[in-house]
Every structure is written in C-alpha cells, then in structure tokens.
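Colleague: The following block contains a protein sequence and its predicted model.
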Amino acid sequence: MTDPMPDLSAAFGDDRVWVALALACAAGVFLLVVGVLIARRVGALGTDDDAAETFSVGLSVGLLAFTAAWASIASAGHSVFVPIAAAILLAIAVGSGRPTLRFRIDKRSARGGLAAGAFLIAIGLLYATTIAPSPRDGLQPVEFFDVGYYSVLGADLAEAGRESIYSPAGFDELAGMPPQTWYHWGELWLAAAAIDLFGVSPIHARHLIVLPLLLLAAATMVGTLVRRLVSRTSTDLYVIAVMATLFLAPIPLLREKEIEWFARSLVVSITQY
C-alpha cells in the first residue's frame, strides 16, 4: 500500500492548494446567492424554507445557471448549453416569485454554513492527496490518466471555447486522433471558468474547486429530495440521504464497460466518470 503521508504533506504545504480551497468556498457563496435569487423567482424556493433546503436548492440552481451562462458567453453562442441558458432566462422572465436574499440566521444555519465550508476543504484536501497530488521536484504526479486528460480538456475549453463530442476542442482536424466521447461539458465549463477567472491550474480548477462544489450540491440536493418526499421536518432523513449519496456504493447493473464492473461511492466516482 502506498504511503499517503508524502502526498498529504505536499498538499498541506502547497499554497496553491489553499488558495484553490479558499476560492471554492468563495465561489460556493456566490453561486448560492445567485441560485437562491433565481430559485425564489421561479418558485423552486420559498422564503419559509429552512436553511438546509435553501442551501441545497440554491447551490444546485446556481451551479446550473452559471454553467449555462458561462458556456453560452464563452463559446460565443455555440455551446450545447445555449438552449438551457435560454430556458433559464425564460423561467426568470415569467416567474412570479420575489427574488429576495432573506435568510434565517440562527445557530442551525450557522452550523450548516461552517459544515459546508469544512466539507469543501476536507474533500479538496482528500483529492489533493489521493487524486491529484501536488507537484514536487518539478513533476506533477498523476494517479490515473483521466485526471490529467480531463484537466487538460478544461484548459483547452478555456482557451478555445469550443466543444467537440469526439476529441479535445479544436483538435478535430488533426489526422490520426483517436475518437473521444467528451461528456463532461458541465464540469469542464466550470473548470474553464475557474481557470479564466482565477488563473488556477487545470488540475486545481477541476479537483479542488469544481468537483467538491458539485459533490456538495449533489449530496445535499438528494437530502432535500428525500425530505420533500417523506418528511420535510426530519433532519435525520436529510443527513442519512446525504451520507448515503456520498459513501454508499451502488450495485452495478449494466456491464457493457469495464468501469461498470466496479461499484464506487460518489466521493470517488465523481472524479472519474
């Protein structure tokens, strides 16, 4: 078994890791604010919803809206997210709700905010240690080739603003390129935005900013959906749903690809497929 301590030490001592984690927390606050405003405008949230539901729905809507908007603008209207951005704008235009940022500020919401920040930092450090270790001795360790591949795709998208379902953006015309199915557009546009806005490296953008935010949004959104289906007042159901989403590995039903033979929890699988 590989000793994780050198990678953990490198992550803790890398200023770029901590900068990326701070940016993840700041981006989460911005996306939450945008998402809450949109969700309340279109009726997906009410001012009487508790902090947990407001956070999960707001962050999820913020991620979707920002991704669609950034992709549409950065691609000069050539992204597949353009119809999604148009639909979101239409929903905002016809929405009858009042876009307000009024929150319930109490001990529970404060604890929830601290827990969300701690989650982003913990997951970011986990990925910086096990998935995308910090550079050392002039080299970038890569545990799995997809880590580098999809990080480079984010950088390529940030530079070219062009999507391709077969290969990295802008490489279609090169003879001899193996066909590639590029189905990570959402996370890659977010990574491209982090690269353009913050100037972070492609690996830091994807693994320390984008993926922790997506993981947090997915897990808390499942918690909200479970509560809305069963009991909107149960904290236990919310927590159980969040933990199950993060750590319970699904049973693979389809085995057409090798990757589908292995059951992995979302904490691990979100970094790959």
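Modeller: Everything's here; your move.

Colleague: Tell me which residues are up against whatever helix or strand Ile195 lives in.
Modeller: Element membership for Ile195 (DSSP states H and E) is helix 185-198. For helix 185-198, contacts defined as Cβ atoms under 8 Å, 6 or more residues apart in numbering pick out 23, 27, 63, 66-67, 70-71, 74, 79-81, 150-151, 153-155, 157-158, 161, 163, 182, 200-202, 205-206, 209-211, 213-214. No exception for glycine: its C-beta is placed from N, CA and C like everyone else's.

Colleague: and it, how far from the chain's centre?
Modeller: 10 Å (Cα atoms, centre = their mean, to the nearest Å).

Colleague: hmm, back to that, narrow the contacts of helix 185-198 to just the buried residues.
Modeller: 23, 27, 63, 66-67, 70-71, 74, 79, 81, 150-151, 153-155, 157-158, 161, 163, 182, 200-202, 205-206, 209-211, 213-214 (16 or more other Cβ atoms under 10 Å).

Colleague: looking at the chain, which helix or strand is least sure?
Modeller: helix 5-12 (a mean of 78; mean pLDDT, DSSP states H and E).

Colleague: and the next element down the chain from it?
Modeller: Of the helices and strands lying after helix 5-12 in sequence (DSSP H and E), the nearest is helix 15-42.

Colleague: For that next one, give the mean pLDDT please.
Modeller: What helix 15-42 shows for mean pLDDT is 94.

Colleague: counting contacts, what elements does that helix pack onto?
Modeller: With contacts taken as 3 or more Cβ pairs under 8 Å, 6 or more residues apart in numbering; DSSP states H and E, helix 15-42 sits against helix 51-74, helix 82-94, helix 107-130, helix 185-198, helix 202-204, helix 211-229.

Colleague: Name the surrounding residues that touch the last one.
Modeller: Read that as helix 211-229. Counting by Cβ under 8 Å, 6+ apart, 24, 27-28, 31, 52-53, 55-57, 59-60, 63, 116, 119-120, 123-124, 127, 187, 190, 233-234, 237-242, 244-246, 266-267, 270-271 sit against helix 211-229.

Colleague: Kindly report the same for the shortest one.
Modeller: Helix 202-204 is contacted from outside by 16-17, 20, 132, 140, 147-148, 151-152, 154-155, 191, 195, using Cβ under 8 Å, 6+ apart.

Colleague: what's the farthest-apart pair in those residues?
Modeller: Val17 and Val152 (19.4 Å; Cβ to Cβ).

Colleague: Pick out whichever of the two has more residues nearby.
Modeller: Val17 (24 against 14; other Cβ atoms under 10 Å).

Colleague: The more buried one touches Ala128, doesn't it?
Modeller: Yes: Val17 lies in contact with Ala128 (Cβ atoms under 8 Å); the separation is 5.0 Å.

Colleague: and the gap between the residue nearest the centre of the chain and Ala52?
Modeller: Centroid check for the chain by Cα atoms, centre = their mean gives Leu214 as the closest residue, at 2.4 Å. Leu214 sits at a distance of 18 Å from Ala52 (criterion: Cβ to Cβ, to the nearest Å).
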